[in-house]
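Colleague: Structure of the sequence below:
(8 chains)
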8 protein chains.
Amino acid sequence: MKLMIYLAGQIHDSWREDLRNKAGEMKLNVDFSAPMENHDRSDQIGEEILGQQPNAVLKDEAASAINNLRTKVLLNKADLVIAKFGESYKQWNTAVDAGEAVAMGKPLILIRPEKLHHALKELSNKAQVVVETEEQALQTIKYIFESE
Amino acid sequence: MKLMIYLAGQIHDSWREDLRNKAGEMKLNVDFSAPMENHDRSDQIGEEILGQQPNAVLKDEAASAINNLRTKVLLNKADLVIAKFGESYKQWNTAVDAGEAVAMGKPLILIRPEKLHHALKELSNKAQVVVETEEQALQTIKYIFESE
Amino acid sequence: MKLMIYLAGQIHDSWREDLRNKAGEMKLNVDFSAPMENHDRSDQIGEEILGQQPNAVLKDEAASAINNLRTKVLLNKADLVIAKFGESYKQWNTAVDAGEAVAMGKPLILIRPEKLHHALKELSNKAQVVVETEEQALQTIKYIFESE
Amino acid sequence: MKLMIYLAGQIHDSWREDLRNKAGEMKLNVDFSAPMENHDRSDQIGEEILGQQPNAVLKDEAASAINNLRTKVLLNKADLVIAKFGESYKQWNTAVDAGEAVAMGKPLILIRPEKLHHALKELSNKAQVVVETEEQALQTIKYIFESE
Amino acid sequence: MKLMIYLAGQIHDSWREDLRNKAGEMKLNVDFSAPMENHDRSDQIGEEILGQQPNAVLKDEAASAINNLRTKVLLNKADLVIAKFGESYKQWNTAVDAGEAVAMGKPLILIRPEKLHHALKELSNKAQVVVETEEQALQTIKYIFESE
Amino acid sequence: MKLMIYLAGQIHDSWREDLRNKAGEMKLNVDFSAPMENHDRSDQIGEEILGQQPNAVLKDEAASAINNLRTKVLLNKADLVIAKFGESYKQWNTAVDAGEAVAMGKPLILIRPEKLHHALKELSNKAQVVVETEEQALQTIKYIFESE
Amino acid sequence: MKLMIYLAGQIHDSWREDLRNKAGEMKLNVDFSAPMENHDRSDQIGEEILGQQPNAVLKDEAASAINNLRTKVLLNKADLVIAKFGESYKQWNTAVDAGEAVAMGKPLILIRPEKLHHALKELSNKAQVVVETEEQALQTIKYIFESE
Amino acid sequence: MKLMIYLAGQIHDSWREDLRNKAGEMKLNVDFSAPMENHDRSDQIGEEILGQQPNAVLKDEAASAINNLRTKVLLNKADLVIAKFGESYKQWNTAVDAGEAVAMGKPLILIRPEKLHHALKELSNKAQVVVETEEQALQTIKYIFESE
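Modeller: Residues are numbered from 1 along each chain as shown, chains lettered A, B, ... in the order given. Below you'll find the predicted structure:
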């Protein structure tokens, strides 16, 4: 049994890279998918494919359409979703992805620093598991594969 | 035909009251539902019903469980969801509710000030309609009932 | 038992008005919903609610967003969908609405002149019933309410 | 991860062949499915399998039944749908397929020349991504597989 | 609470009339729907609405399309399905309706004489309740409304 | 807005009667449904309707078929499910009903004495809200209807 | 792309064996599943696994439970269902399986001799394709894999 | 065809080990998944991953969250569920898992000693097949793969 795991969350640091490396060391039988992790490219992708747009709002609209297509394809294929919230950025698309995962019946692990507990209390309650670190999320996934 | 409309969004000002008043003046055949709009009570509801909790995290967990039950009942019954984002607060539960509405196939109207367009670009693209004011949201709803 | 019926199709003539009148004469226990039947207003609704748009494509995008919200609300509520195709116009949104109705498990009656049979052969095969006139569609609906 | 992509649209020219060739050059990890691309055979398939039919309408009905079976099997298996509209032909079955894909929650890329924007405005708004060329559609798909 | 009950089964005798009369005497809070009970009209309805057909197969096809539309509308609205099998006739459409009800999660009561138990053993096992008489079916429904 | 609430749980004492009385005093706009509360009749209902059965296992099978039909009709109609566990009895059908409610996306309130927390820890985690008394369950429901 | 095809229908002759042989000769990329084709064993399977039953009805009930489990597992996995009706036997479980396939959105090919057209007219109308021979059913499947 | 089978039930003895061994001897083409079978670890997993919890209730809550995530992932992937009830323990989570399986349309085999028939009569009626031994459950699964 192999699990496909979608990594929702901000794309401003290398948390996914770290998580993938640790998962490799732990030899977990999983594949990860994620949003475009090059933040600049994620913002430019609308113009990269569709050409220059008349203004910033339309540039954003073109980029978000393509990013949403990507997310929808990958979320449909995921067996499990991890959503990570940090202390910076609005991260509303992370929250929207998490809400979609919940409504689609996809199991959800939430990673967040404890100090965000109040702002994230409703989502915490909807997630299957809430942890503070990537390592804890991976231990949770490892546990799925273990029998003793 | 009567429509049931759920009003997701922050509960720190009277935007829902204003919207309901305007809808009354426009004689729209709609019922509105919403989160508990008394912010303090929304935070206290866990202890109000379940008694004092050992610490702040558990108080939040108790409150969010009851608030989520409320939201789930009302979202299941809604024909249409309006989600409003303002410039203050994290509003992650608004984003989660919006994500659930999208995944449940509930039509979604997003109200947000234009300056939030970049942070909300993915959700804007998923919503059916994006507007800047409550009045525009109500005009959109009024249009559903008109034939000419 | 009352049935809610959505009338998909072109909005350039008064076929819905005729159909509603006949249904009234037949005293059918049905409610009808439909797209905005004032064609001009349907094209202008984006700018009517959201203000002037930079160009024709964006004006269309604003209008279609609001028209699609309307359709989605009404299609969700429909027990039965009638889709009418005439000889003029592309009518692609009628075909898209019909495809959505089929995939949502909503029973579909297709009205079309026989000379369109070849171009509509796949949709004809997916519809429950294919007729040539509004009167035949209403007789079909009347039959649902009869027992002898 | 391999994606299965259904190519809806007219079957009068070689746009699918071109698209498949380019996808091969780009080494995308995808499989394509499509309607029968031999237009004549698509029209004759009813009589090919079921024998001669009494008239043109019944010949069409026999063919569309078999073509619809094909489409339903392939659409059920698709992770993503591309629908292409050109300037010729009614292309109503393309629109119906696109509507079904939307209602089934299958991500949709629409390819159409800009001059069709008005006639296709509702479908454009329902599609995840709207482009003008096969190359842009493939760049969008390539982006799903990239992480940087 | 009112229940909508669809009465699937053969239309050659007055079993539905008897069942409705008894339900009236028992003052059950239910509405019944059913196929067209005038057997002749059920066979003729295609030609009644669409005009004369070229042959018997096409006459049947026209009738079954309209009868299936009727069944689909009524089955979608039903809270409960009763399917009655007697000793005469093939009754395949009754069995198909019962299969659809099972797959749609509609509770099913099967009425059949005990001597049909072997031929109906798979459907009996799928039905919630299997009885031999209309009276037993109505007692079962009455029990839903009772609390003591 | 009126809510339909299904009261799962053991049928050996009058907890439902108490809960309904309190809800009446609180003037909640709700309807309650429940299993047959006359325990004896619930065990006899198979023989009451179908006649004497050959042995105890078949008597149970006949009764459970009819009780399950009842539950399925009522669960399909419920907006909210309350499941109560006490210290006596196996109460496995209560747990099964609760599991079905969770999988059907029906919001669930669990009532149980704190000393059962260990045995019910998985279900507690799946329920939206866990309380110890009927009064707390009703306060939770009252909160859904309040806005301040 | 490989297709999984469930072969519903009577189990009194070797039609499945013939169909599988022809499919092998045609080198179709399909796997077939089916009910237990040894008719005797299908009737005895309840007693084979659960031991002797008190009477014929209970023997049938035990067998049908196990046969239904088998069908449900295989139907859930099927991409396509073929249902064959012959002139002998009641074949009600074939009709029930076909009804379930329709309601589950599984494409359905119906094989039946033309003389059964009247008794099967409703199911014929619900099936995607109706043919008279196994060979025609296989040609239809072969067509799904062809592009020219 | 390979089947994925989830083994719900108590985790206090080695019944799963025995069942897997027998399945190996029978060379069934199946994979099994199950809850964590080390009972102690199942109770400790919350603290193992999330650190020490303030009290026993919270320790249980942490453990059940992680155990439920595990179950949800595995249940989503299962083609078939076996639920075993013994004479000891409350086994409420087994009953909840079984209820979820039923509502998700997953075929269910129930293993239980005959003396539990009364307490399990409703679940027995909902399961596809009820047996007394692991061997009978495996014979039932073996039968799915056989054709003669």
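Colleague: any chance you could map the strands in chain A?
Modeller: Ranges of strands in chain A, per DSSP state E, are A:3-9, A:30-33, A:80-84, A:108-111, A:129-131.
Colleague: quick check, the first one touching chain D?
Modeller: Yes: in this structure, strand A:3-9 sits against chain D according to CB under 8 Å from any CB of the partner chain; the contacting residues are A:Met4. Glycine gets a C-beta too; all of them are placed from N, C-alpha and C.
Colleague: tell me what that strand is packed against?
Modeller: helix A:15-25, strand A:30-33, helix A:56-77, strand A:80-84, helix A:92-103, helix A:134-145 (3 or more CB pairs under 8 Å, 6 or more residues apart in numbering or on different chains; DSSP states H and E).
Colleague: ok so, going back, columns mean pLDDT on top of the strands of chain A, output as JSON lines?
Modeller: Putting the strands of chain A into JSON lines (pLDDT from 0 to 100) gives the following:
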{"stretch": "strand A:3-9", "mean pLDDT": "97"}
{"stretch": "strand A:30-33", "mean pLDDT": "98"}
{"stretch": "strand A:80-84", "mean pLDDT": "98"}
{"stretch": "strand A:108-111", "mean pLDDT": "98"}
{"stretch": "strand A:129-131", "mean pLDDT": "98"}
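Colleague: and of the helices and strands packed on strand A:3-9, who's closest to chain H?
Modeller: Nearest of the helices and strands packed on strand A:3-9 to chain H, taken as CB to the nearest CB: helix A:134-145 at 4.9 Å.
Colleague: Show me which residues of chain A sit near chain C.
Modeller: Contact residues, chain A versus chain C (CB under 8 Å from any CB): A:Pro54, A:Asn55, A:Leu58.
Colleague: Please check those residues and keep the buried ones.
Modeller: Among those, the ones that count as buried by 16 or more other CB atoms under 10 Å in any protein chain shown are A:Leu58.
Colleague: Would you format the residues of chain A next to chain C as JSON lines with distance to chain G and pLDDT included?
Modeller: Formatted as JSON lines, these follow (distance: CB to the nearest CB, whole Å; pLDDT from 0 to 100):
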{"residue": "A:Pro54", "distance to chain G": "40", "pLDDT": "91"}
{"residue": "A:Asn55", "distance to chain G": "43", "pLDDT": "92"}
{"residue": "A:Leu58", "distance to chain G": "38", "pLDDT": "93"}
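Colleague: quick one: A:Lys22 and A:Leu138 touch, right?
Modeller: Yes: if you go by CB atoms under 8 Å, A:Lys22 and A:Leu138 touch, sitting 5.6 Å apart.
Colleague: okay, these two: which has more neighbours?
Modeller: A:Leu138 (23 against 15; other CB atoms under 10 Å in any protein chain shown).
Colleague: got the contact list for the more buried one?
Modeller: Contacts for A:Leu138 (CB atoms under 8 Å, 6 or more residues apart in numbering or on different chains) come out as A:Leu19, A:Lys22, A:Ala23, A:Met26, A:Leu28.
Colleague: Any idea how many residues pack against the fourth one?
Modeller: Going back to what we said before, that points to A:Met26. With other CB under 10 Å as criterion, A:Met26 counts 14.
Colleague: can you check the first one too?
Modeller: Burial of A:Leu19 is recorded as 22 neighbouring residues (other CB under 10 Å).
Colleague: ditto for the third one
Modeller: Taking other CB under 10 Å as the neighbour definition, A:Ala23 ends up with a count of 20.
Colleague: so what's whichever residue of chain A sits closest to chain B closest to, chain neighbours aside?
Modeller: Chain A approaches chain B most closely through A:Gly99 (2.4 Å), counting by CB to the nearest CB. Once flanking residues are discounted, A:Gly99 sits nearest to B:Gly99: 2.4 Å by CB to CB, 6 or more residues apart in numbering or on different chains.
Colleague: Is it correct that the one you found is in contact with A:Val96?
Modeller: Yes: contact criterion CB under 8 Å: B:Gly99 and A:Val96 qualify, at 3.8 Å.
Colleague: what's the overlap in contacts for these two?
Modeller: Common neighbours of B:Gly99 and A:Val96 (CB under 8 Å, 6+ apart) are B:Leu123.
Colleague: In chain A, which residue sits closest to chain C?
Modeller: Closest point on chain A to chain C, by CB to the nearest CB, is A:Pro54, at 6.2 Å.
Colleague: which residues touch that residue?
Modeller: C:Pro54, C:Asn55.
Colleague: Can you tell me how far it is from B:Ser124?
Modeller: According to CB to CB, to the nearest Å, A:Pro54 and B:Ser124 sit 17 Å apart.
Colleague: With A:Lys115 instead?
Modeller: Distance from A:Lys115 to B:Ser124, counting by CB to CB: 29 Å.
Colleague: Name all residues that make contact with the most centrally placed residue in chain A.
Modeller: Among the residues of chain A, the one closest to the centroid is A:Ala8, at 0.8 Å (CA atoms, centre = their mean). Contacts for A:Ala8 (CB under 8 Å, 6+ apart) come out as A:Ala34, A:Pro35, A:Val81, A:Ile82, A:Ala83, A:Lys84, A:Thr94, A:Asp97, A:Ala98, A:Ala101.
Colleague: for A:Ala101, same thing?
Modeller: Contacts of A:Ala101 by CB under 8 Å, 6+ apart are A:Tyr6, A:Ala8, A:Leu75, A:Ala78, A:Val81, A:Ala83, A:Leu108, B:Gly99.
Colleague: Against H:Gln44, how distant is the closest residue to A:Glu146 other than its chain neighbours?
Modeller: Distance criterion CB to CB, 6+ apart; nearest residue to A:Glu146, sequence neighbours excluded, is H:Met36 at 6.9 Å. Separation of H:Met36 from H:Gln44 (CB to CB) stands at 10 Å.
Colleague: Compare these two (neighbour count), which wins?
Modeller: More neighbours surround H:Met36 than the other of H:Met36 and H:Gln44, with 22 against 15 (other CB under 10 Å).
Colleague: Verify the stated contact: the more buried one with H:Ile45.
Modeller: Yes: using CB under 8 Å, H:Met36 is in contact with H:Ile45, at 6.8 Å.
Colleague: domains for chain A, by residue range?
Modeller: A:10-31+A:79-143, A:34-77 (automatic domain parsing).
Colleague: still on that earlier bit, show me what the residue nearest to the centre of chain A bridges to in the sheet.
Modeller: A:Ala8 forms beta bridges with A:Ala83, as assigned by DSSP bridges.
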